[in-house]
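S.K.: From the sequence below, what's the structure:
(chains A and B)
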Amino acid sequence: MNDIDLKTLPAGALDDLSIDVDALLSGVERRHRHRRARRRAGTGLAVLAVTGLVATAALRIGGDPAETTDRTDEVGPASQTGATDTTAAPTTTEPTTTTTAWDDPSGLGPYAMSTDPDAPALATVDGVEITYLPDGTPPEPEIGTGNETSPDIAYVSGRFDAPGSLDGLRVTVTRAPGLDFDSYQEGHWLGEIGTTTVDGRPAVIARIPDDNDSTGIYWSPEDGVVLDVHIDTELADELAPIIGGLRLP
Amino acid sequence: MSGERRAGFEDFVRAEASSLFRTAYLLVGDRPGAEDLLQDALERTYRRWGSTAIDEPAAYVRRAMANLASNQWRWRRRRPTQVHLPDDDVGGGRPVAPDAADAVHQRQDLLAALAHLPPRQRVVVVLRYWDDLSERDTAGVVGCSAGSVKRHASRGLARLRQVLDAAPSGSRFVGSLAETRSTP
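M.R.: Model prediction:
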């Protein structure tokens, strides 16, 4: 018999665990440089996208005979506001801040899923159709699958590279017999929690500052299924349309 | 970051690395995962070093690891339910004396049992019983009430007992579940 006493085990079982501190510090430095490079690249893409939008708007103005010619001359930084005013729906490529939303988490939501059966699905994660993605998001997700603490609880996660995002948009579908909001909440950890609803069903929404500052929400749209959506907090304004674009099969 | 602040960060890492690494190891169950987790958490700490956001650095790193371990583990392609330590992970590659074999088996069984806990219970059990944090300090690290800590700790220990009692190596869980750390 091999007796395990939780009070004395750590002293014996973990003594030989050691770590090379110099290698650890080098790894931290490497990750920090990589993160800064990714953030600069994301900002550059957002700037290019906005610039492209303005250039497109200018071409539209110039191509419309109803527009005055002096408008077509107003191409440049001074005319950007006016140019964007004449475009169709503005895009959300440029990240927006959501700091005010977290002053009162209870004020977030309520949210609703898609009720449009005819909206074309841009992507699918484990049968859940996604009919809205932030502008510029490639619709091909990186898929991860696995099981949680029990083989009966299976999840499928789709990660989309949303522009301006460090960790991307993550949509996770977890299925298990008898799975519901309460049992899912028991096992999943979030930071500053707020409660809200999705289609009248309880949901948890939380900001996770230590996770590249992401914001996540999960809820159970029907028994046996939990949906979990995470995105950078800077893009948290996209949560409502993303949730509004989710459709169960 | 100024040289002085950077030096302060490095001093902190050198002083706390071993303790933090053990926490990471218990949270994720394998050495490479623990190194990744700790590096990620330290990088986040490094970014905010010197700011008012970091009151107690070690607690900040533990909170970062708790959140990362809880929320990012699902992104791993492989989620082992049985943890098998490779031989070179034992004793840091050094030959293991026969009387250390029991500790090795205990660690393997412990890690495998921890893997059966939901993330929230695992985090609380590791912080309470291995890092020896009080209920209040654990609550502060993970951002919940002391009552929640107590509840998750109780359920986590019950689950550990259940899993360890059924361990194929014949390990047996001893010690009363009522025997918690002496700190409140």
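
S.K.: wait, what's in contact with A:Ala123?
M.R.: With contacts defined as C-beta atoms under 8 Å, 6 or more residues apart in numbering or on different chains, A:Ala123 is in contact with A:Glu129, A:Ile130, A:Leu133, A:Pro139, A:Glu140, A:Pro141, A:Gly158, A:Phe160. (Glycine included, C-beta is placed from N, CA and C.)

S.K.: same check, this time on A:Arg247
M.R.: Contacts of A:Arg247 by C-beta under 8 Å, 6+ apart are A:Met113, A:Ser114, A:Asp116, A:Pro117, A:Ala119, A:Ala121, A:Val128, A:Glu129, A:Ile130, A:Thr131.

S.K.: quick one: contacts for the last one?
M.R.: Contact criterion C-beta under 8 Å, 6+ apart gives A:Ser114, A:Asp116, A:Ala119, A:Pro120, A:Ala121, A:Leu122, A:Gly245, A:Leu246, A:Arg247 as the residues in contact with A:Thr131.

S.K.: show me where chain B has strands.
M.R.: B:171-174 (DSSP state E).

S.K.: do you know how far the residue in chain B that chain A sits nearest to is from A:Arg33?
M.R.: Distances between chain B and chain A by C-beta to the nearest C-beta are smallest at B:Pro118, namely 2.9 Å. For B:Pro118, the distance to A:Arg33 (C-beta to C-beta, to the nearest Å) stands at 35 Å.

S.K.: on that earlier part again, would you list the contacts of A:Ala123 in a markdown table and tack on pLDDT, distance to chain B and neighbour count?
M.R.: Converted to a markdown table, those look like this (pLDDT from 0 to 100; distance: C-beta to the nearest C-beta, whole Å; neighbours: other C-beta atoms under 10 Å in any protein chain shown):
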| residue | pLDDT | distance to chain B | neighbour count |
| --- | --- | --- | --- |
| A:Glu129 | 97 | 21 | 18 |
| A:Ile130 | 97 | 18 | 24 |
| A:Leu133 | 95 | 19 | 20 |
| A:Pro139 | 93 | 19 | 12 |
| A:Glu140 | 92 | 17 | 11 |
| A:Pro141 | 92 | 12 | 22 |
| A:Gly158 | 90 | 11 | 22 |
| A:Phe160 | 92 | 13 | 23 |
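
S.K.: and the two most separated of those residues?
M.R.: A:Glu129 and A:Glu140 (14.7 Å; C-beta to C-beta).

S.K.: Out of the contacts of A:Thr131, name the ones that lie in strands.
M.R.: Short answer: these in strands (DSSP E) are A:Leu246, A:Arg247.

S.K.: Give the full set of residues in contact with A:Leu227.
M.R.: When contacts are taken as C-beta under 8 Å, 6+ apart, A:Leu227 is in contact with A:Val128, A:Val171, A:Thr172, A:Val173, A:Thr174, A:Tyr218, A:Trp219, A:Ser220, A:Pro221, A:Leu246.

S.K.: So whichever strand or helix holds the second one, near chain B or not?
M.R.: Secondary structure assignment for A:Val171, by DSSP states H and E: strand A:169-175. Yes. Using C-beta under 8 Å from any C-beta of the partner chain, strand A:169-175 comes into contact with chain B via A:Arg170, A:Thr172.

S.K.: ok, which stretches of chain B are helices?
M.R.: B:3-28, B:31-48, B:57-72, B:101-114, B:119-125, B:135-142, B:146-165 (DSSP state H).

S.K.: Out of those, flag the one nearest A:Asp167.
M.R.: helix B:57-72 (8.9 Å).

S.K.: Using PDB, list the CA coordinates for that closest one.
M.R.: Extracted C-alpha coordinates of helix B:57-72, given in PDB (Å, rounded to 0.1, in the frame of the first residue of the first chain):
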ATOM      1  CA  PRO B  57       3.600  40.000  -6.800                       C
ATOM      2  CA  ALA B  58       3.500  36.300  -5.700                       C
ATOM      3  CA  ALA B  59      -0.300  36.500  -5.300                       C
ATOM      4  CA  TYR B  60      -0.600  38.300  -8.600                       C
ATOM      5  CA  VAL B  61       1.400  35.600 -10.400                       C
ATOM      6  CA  ARG B  62      -0.700  32.900  -8.700                       C
ATOM      7  CA  ARG B  63      -3.900  34.600  -9.800                       C
ATOM      8  CA  ALA B  64      -2.600  34.800 -13.300                       C
ATOM      9  CA  MET B  65      -1.700  31.100 -13.300                       C
ATOM     10  CA  ALA B  66      -5.100  30.200 -11.800                       C
ATOM     11  CA  ASN B  67      -7.000  32.100 -14.600                       C
ATOM     12  CA  LEU B  68      -4.700  30.900 -17.300                       C
ATOM     13  CA  ALA B  69      -4.900  27.300 -16.200                       C
ATOM     14  CA  SER B  70      -8.700  27.400 -15.800                       C
ATOM     15  CA  ASN B  71      -9.400  29.100 -19.100                       C
ATOM     16  CA  GLN B  72      -6.700  28.100 -21.500                       C
END
